[in-house]
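Enquirer: got a sequence here, can you build the structure:
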Amino acid sequence: MKKKKVKGKIFISFVEEAILNPKYEGYIVGRIEVQYPNEAYPLEEIRFFTKDKEYYKFRDEWDMKDINGNELEKIRKTVRERFMDIR
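Expert: Numbering: from 1, shown residues only. Predicted structure coming up:
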């Protein structure tokens, strides 16, 4: 599916979630909420599920930022490749 071009800045924020299952102790779990221009609520979530402590550096670099479409694609790719442990 081709993503539509977005005009204007896109706002992102990271939301970490608690995970109570002891099987996943040590995992960092949550979502990145993507707020498009002129929308009242976030219309996209990018999920993450990882033990990689580099996640915190990534989060600190991008959290609560206005970004463009190219940066959003970079973030999607990084999360998919580095911070989505599907096991």
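
Enquirer: how much space separates G8 from K74?
Expert: 18 Å (C-beta to C-beta, to the nearest Å). Bear in mind the C-beta positions are built from the backbone N, C-alpha and C, glycine included.

Enquirer: please report how far the residue lying farthest from the centre of the chain lies from E45.
Expert: Here the chain reaches farthest from its C-alpha mean at P22, the gap being 23.7 Å by C-alpha atoms, centre = their mean. Applying C-beta to C-beta, the value for P22 to E45 is 25 Å.

Enquirer: geometric centre of the protein: which residue is closest?
Expert: I32 (3.1 Å).

Enquirer: isn't that residue up against F11?
Expert: No: I32 is beyond contact range of F11, at 10.7 Å (criterion: C-beta atoms under 8 Å).

Enquirer: for the protein, just list every one of the strands.
Expert: 10-17, 28-35, 44-50, 65-67 (DSSP state E).

Enquirer: for I86, find the nearest of these.
Expert: strand 44-50 (7.4 Å; C-beta to C-beta).
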